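Engineer: this one's structure only:
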């Protein structure tokens with residue numbers, strides 16, 4: 001066999017990689033082409049099956065989607081409206097419906113599950129590019145519970161909206177592009193395996209919505225709503241810690257007023273809105289945070305020119321019920337949003 005000489009003059013057999021022999025290219029590529037064709041056929045059949053059972057392409061909400069919406073909100077003009085708050089704002093207020101009710105004003109949904117409206121308000125106030133309207137959706141626990149207020153008093157790190165690097169932006173945009181075109185990316189085949197085999201019904205089709213509208217697709221129709229109401233009531237019984245004292249409530253209100261004044265100095269506006277609750281959950285909130293002592297005191301001591309509006313004070317809005325005690329069913333969100341927009345327009349808290 002061919003030999004080569006090393007640096008010490010010893011003859012050693014040459015490596016096979018130095019041999020002139022070559023494996024025929026066709027013998028390597030043919031199996032790969034076949035495997036790709038089989039995989040594409042299987043994925044195509046799976047996609048067709050999903051579509052036949054009403055499953056449509058959808059891109060799930062994610063920190064990346066939230067970051068994209070936040071970027072657009074910060075660079076929007078002074079007519080833009082930003083929705084902030086926790087899951088109640090995310091499920092109850094429908095951004096496209098609010099845009100339509102307000103004659104096309106841009107509305108950006110920045111609410112996040114389990115997060116008070118205040119960290120996002122703080123960040124928007126510090127973001128000098130933004131001078132629109134912020135609607136802070138609140139509930140008693142997030143506004144008046146001591147744990148939610150610790151950040152103002154202790155200087156603990158504040159939760160921030162996510163931000164994108166160049167690489168993460170590419171990943172998010174590419175992911176949205178694919179997910180909005182392939183139904184099989186919306187549901188993991190492992191979660192619908194029994195449906196694929198015919199052992200259980202397919203999940204009902206979800207509401208169609210644009211990804212960046214961040215419209216909730218959660219449904220409560222199949223949930224044990226009485227049990228959910230008990231769970232939420234138990235959470236709000238202790239969630240947020242103890243209720244604030246009168247002095248702490250005054251300090252919190254003044255802190256928020258200072259934020260609002262800073263925002264107003266460049267034309268920004270803030271509207272505080274108390275969102276719905278029902279059943280056991282509402283009973284716990286009313287007992288732990290009596291309206292006269294908390295909400296009405298807060299509404300009477302906020303910065304002049306700033307509005308605080310409770311849906312419980314409007315009969316049409318208060319008629320909407322939360323099946324799980326804490327959230328409207330998403331199917332009710334468009335109608336609730338239109339009614340809310342009408343109430344805010346009538347009170348001249350918003351304009352179209």
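Structural biologist: Thanks, I have it. What you are looking at is a predicted structure, and each value in this text was computed from that prediction instead of being measured.
Engineer: which residue ranges of the stretch 51-200 of the chain form strands?
Structural biologist: Using DSSP state E, counting those that start in this stretch, the strands of the stretch 51-200 of the chain run over 81-84, 107-109, 133-138.
Engineer: now do the longest one: distance to the chain's middle.
Structural biologist: Pointing back at strand 133-138 there. On the basis of Cα atoms, centre = their mean, to the nearest Å, strand 133-138 sits 15 Å off its chain's mean C-alpha point.
Engineer: contacts for it, please.
Structural biologist: 80-86, 88-89, 92-93, 111, 116-118, 120-121, 124, 263, 268-275, 350 (Cβ atoms under 8 Å, 6 or more residues apart in numbering). Glycine gets a C-beta too; all of them are placed from N, C-alpha and C.
Engineer: that one pairs with which strands, parallel or anti?
Structural biologist: According to DSSP bridges, strand 133-138 forms sheet pairs with strand 81-84 (parallel), strand 269-274 (parallel).
Engineer: residue 187 is nearest to which of those?
Structural biologist: strand 81-84 (27.4 Å; Cβ to Cβ).
Engineer: where does pLDDT dip in the protein?
Structural biologist: 1-28, 148-159, 219-222 (pLDDT under 70).
Engineer: so which residue is smack in the middle of it?
Structural biologist: Geometric centre of the chain, nearest residue: residue 112, 4.6 Å, by Cα atoms, centre = their mean.
Engineer: count the residues that sit near residue 100.
Structural biologist: 16 (other Cβ atoms under 10 Å).
Engineer: next one: it from residue 337, what distance?
Structural biologist: Going from residue 100 to residue 337 by Cβ to Cβ, to the nearest Å gives 9 Å.
Engineer: identify each buried residue in stretch 73-89, please.
Structural biologist: 73-74, 76, 80-89 (16 or more other Cβ atoms under 10 Å).
Engineer: and these, which is closest to residue 197?
Structural biologist: Within the buried residues of stretch 73-89, proximity to residue 197 (Cβ to Cβ) peaks at residue 87, which comes in at 33.9 Å.
Engineer: mind listing what that closest one touches?
Structural biologist: 111, 113, 114, 326, 327.
Engineer: next: residue 305.
Structural biologist: Residue 305 neighbours (Cβ under 8 Å, 6+ apart): residue 264.
Engineer: could you redo the last one with a cut-off of 10 Å?
Structural biologist: Residue 305 sits next to 260, 261, 264, 269, 270 when contact means Cβ atoms under 10 Å, 6 or more residues apart in numbering.
Engineer: nearest to residue 236, of those residues?
Structural biologist: Residue 236 has its nearest neighbour among those in residue 270, at 24.5 Å by Cβ to Cβ.
Engineer: that closest one touches residue 258, doesn't it?
Structural biologist: No: using Cβ atoms under 10 Å, residue 270 makes no contact with residue 258, being 11.9 Å away.
Engineer: between these two, what contacts are shared?
Structural biologist: Common neighbours of residue 270 and residue 258 (Cβ under 10 Å, 6+ apart) are 125, 303.
Engineer: what is in contact with residue 100 and residue 337 at once?
Structural biologist: In contact with both residue 100 and residue 337: 94, 107, using Cβ under 10 Å, 6+ apart.
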